[in-house]
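Colleague: just a sequence and a predicted model for now, questions to come.
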Amino acid sequence: MPIYEYLSESPEDPERSCRVCRQGFEIRRPIDRVPLEKCPLCRHPVRKVISKVNTPKITKPLSVSDAKAAGFTVLQKRDQGTYEKL
């Protein structure tokens, strides 16, 4: 389920918006639901903010034992078009 970020439409107006939507908040929602239009707490209008994508960073190549521990099947090429399971 993706995480969406929302921010108040007018963060400079503290009387109309709450502390949560003024500073911005994140919420997990199914991808098929429409974006929020109002803050769940104060019902003030909010807008969806474009955020950066979170991608995993692999610092070293996976070893055969790491790949097996993660549930992958490890194959090694033997001849022309034939592979052997390790």
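Modeller: Happy to help now that I have it.
Colleague: and residue 4, what element?
Modeller: For residue 4, the host element (DSSP states H and E) is strand 3-8.
Colleague: any weak-confidence spans in this protein?
Modeller: 1, 11-15, 54 (pLDDT under 70).
Colleague: tell me which stretches of it form strands.
Modeller: Applying DSSP state E to the chain gives strands spanning 3-8, 25-28, 46-49, 75-79, 82-85.
Colleague: partners of the last one in the sheet?
Modeller: Strand 82-85 has these partner strands in its sheet, going by DSSP bridges: strand 75-79 (antiparallel).
Colleague: what's the strand it pairs with in contact with?
Modeller: 83-86 (C-beta atoms under 8 Å, 6 or more residues apart in numbering). Placement of C-beta: from N, CA and C, glycine included.
Colleague: how about 10 Å then?
Modeller: Strand 75-79 is contacted by residues 64, 82-86 when judged by C-beta atoms under 10 Å, 6 or more residues apart in numbering.
Colleague: columns distance to residue 32 and neighbour count on top of these, output as CSV?
Modeller: Listed next are the contacts of strand 75-79 as CSV, based on distance: C-beta to C-beta, whole Å; neighbours: other C-beta atoms under 10 Å:
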residue, distance to residue 32, neighbour count
64, 40, 11
82, 44, 8
83, 39, 11
84, 43, 10
85, 39, 7
86, 41, 11
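Colleague: so can I have a markdown table of those showing distance to residue 8?
Modeller: Below are those laid out as a markdown table (distance: C-beta to C-beta, whole Å):
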| residue | distance to residue 8 |
| --- | --- |
| 64 | 51 |
| 82 | 61 |
| 83 | 56 |
| 84 | 59 |
| 85 | 56 |
| 86 | 55 |
